[in-house]
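Return atomic coordinates for the entry below.
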Amino acid sequence: MPLPRVRPLLPALINLAIVGVMIARGIGQSRERYRTEGNRLGQANDVIRSFCQAAAQFLATRQASDGSWDDGGAGASFARAGQPGRVAPTMRVLLGVRASGYAGEPFYRRGLGFVRRHQERLRGWLHGDRGGDPGDLEPTVDALAMGSLLLGPEPDGGAELRSILRAQQTPRGLYRHGLGPPGAAAGRRVLVGDNVLLLGVLPALGMDTTELAAAIRSELDEVPPAPPKTWIVLAYLGSLAAPTGGAEAHALVARLLDRLEPSRLGPVAALDDVALSAYLRVRADQCLRDADACNDVNAAVAALLGRRQGDGSWLAPAVAAVEGGGIEPSSTGSAVETTALALDGLATYRRILDGRAKGMLGASPADAAGAVLRR
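Predicted structure coming up:
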């Protein structure tokens, strides 16, 4: 029989025991729900991983024997007309493949070999070696910048590349598109996209990016109104430069993303595959940096998955955008470029699913998984 001093405490002890059982039962239910949601997220991740693998396989089967990809005859550099069609498309494919985690694949290494050979020949051409057929060279700042992003630090510390770039700089602090001696007017124009990419190159060369970033901001403020696709593509180029471009590149991407608020962007389903893929990449990357679940990107994922072709690819837009005002056009030249961009966007989104499953990002994981699986 309980001691007298314990008897008054029995109701409180019983209540405490009941609460303990309820807490334990609640924890068990929460764990079960967490396991269920984790399973759904895992299934969604498996679906997207299979799409990524099929896209990588498509790219591998479309690669030429020298490691390049062509642009399908549409013109290089987001459908800019009047350029050869292998070097810039190959570089863009490789940048998307590298960011999506397939840099260890043989087709990536073959492509990188093609880029390395091109950059060596380009430097010879810039030093006056005009022998042979120059038709497959692309003496442009964007090719030079993308090649530098892919190949890494310069063997000579960047002295040669610094000299080349300084010869391209305008009084405003931007860099001209065409390399080498002054040629056609189109070759000496200034394109914002080139300069955005250079933000990721200059720090490795020991060059300050402050002046370039200020010039880009000024240029963006002065251009006439442009469709959302234009800003999306520029933001994507900024995301390529950001890992090595430091604070200036990250600030520029944030500035461009401000132009892509829902009220300005409109429904993502209205975007073509290039713009949709690029938007998914930069928005998902922002969500990862902010540790935000960003359920608003689910609609972009659903739309993109629904457009995949039977061979694992995404088609290039039927109509190329018109270039003007120094702003990059918003279309790409071929299915391989579009597919590499889609691969990049989906692979970045998979990292969001991983974060949701581990509880490292925001709420609503079940809704996110369901939205993907319903596709």
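
can you pull the contacts of Asn195?
Listed by C-beta atoms under 8 Å, 6 or more residues apart in numbering, the contact partners of Asn195 are 141, 174-175, 212, 215-216, 219. Backbone N, C-alpha and C define where each C-beta goes, glycine included.

how does it look with 10 Å?
141-142, 145, 170, 173-177, 212-213, 215-216, 219, 237, 241, 252, 326 (C-beta atoms under 10 Å, 6 or more residues apart in numbering).

Same check on Glu261?
So Glu261 contacts nothing (C-beta under 10 Å, 6+ apart).

quick one, phi psi at it?
phi -60, psi 150 (degrees, to the nearest 10).

same thing with Leu252?
The phi and psi torsions at Leu252 (degrees, to the nearest 10) take the values phi -70, psi -40.

just Asp272 next, same as before
As for Asp272, its main-chain torsions (degrees, to the nearest 10) stand at phi -80, psi 170.

what's the pLDDT at Val297?
Per-residue confidence (pLDDT) for Val297: 89.

and the gap between it and Leu265?
Using C-beta to C-beta, to the nearest Å, we find Val297 at a distance of 12 Å from Leu265.

more crowded one of those two?
A count of neighbours by other C-beta atoms under 10 Å puts Val297 above the other of Val297 and Leu265, at 23 against 18.

How about the residue nearest to the spatial centre of the chain: what's its closest non-neighbour residue?
For the chain, the residue whose C-alpha lies nearest the mean C-alpha position (C-alpha atoms, centre = their mean) is Arg281; its distance is 4.5 Å. If the residues on either side of it in the chain are set aside, Arg281 comes closest to Gly345, at 4.1 Å by C-beta to C-beta, 6 or more residues apart in numbering.

same deal with Pro262?
Spatially, and ignoring its direct neighbours in sequence, Pro262 is nearest to Asp296 (7.3 Å; C-beta to C-beta, 6+ apart).

For the one you found, which residues are in contact?
262, 268, 283, 287.

May I ask which of the residues you listed has the most neighbours?
Ranked by neighbour count (other C-beta under 10 Å), these have Arg283 at the top, with 25 neighbours.

Within the helices and strands, which one has that residue?
Secondary structure assigned from DSSP states H and E places Arg283 in helix 273-290.

sorry, back to before: quick one: buried ones out of the contacts of Asn195?
Applying a neighbour-count criterion of 16 or more other C-beta atoms under 10 Å, the buried members of those are 141-142, 145, 173-177, 212-213, 215-216, 219, 237, 241, 252, 326.

what's the spacing between Val196 and Pro155?
Counting by C-beta to C-beta, the separation of Val196 from Pro155 is 25 Å.

any residues in contact with both of Val297 and Leu265?
When contacts are counted by C-beta under 10 Å, 6+ apart, Val297 and Leu265 have 279, 283 as shared neighbours.

re the thing from before, what helices or strands is the helix holding Arg283 leaning on?
Helices and strands touching helix 273-290, as assessed by 3 or more C-beta pairs under 10 Å, 6 or more residues apart in numbering; DSSP states H and E, comprise helix 76-79, helix 87-99, helix 228-258, helix 262-265, helix 298-306, helix 335-357.

Export those helices as a markdown table, with columns for distance to Gln57.
Below are those laid out as a markdown table (distance: least, C-beta to C-beta, whole Å):
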| stretch | distance to Gln57 |
| --- | --- |
| helix 76-79 | 24 |
| helix 87-99 | 12 |
| helix 228-258 | 23 |
| helix 262-265 | 32 |
| helix 298-306 | 17 |
| helix 335-357 | 10 |
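
Deepest-packed of those helices, please.
Of all the helices and strands packed on helix 273-290, helix 76-79 carries the top mean neighbour count, a mean of 28, counting by mean count of other C-beta atoms under 10 Å.

mean confidence for it?
Taken as a whole, helix 76-79 has a mean pLDDT of 36.

Which pLDDT value belongs to the closest residue to Ala235 other than its chain neighbours?
Beyond its immediate neighbours in the sequence, the residue positioned closest to Ala235 (C-beta to C-beta, 6+ apart) is Leu256, lying 3.9 Å away. pLDDT recorded at Leu256 is 90.
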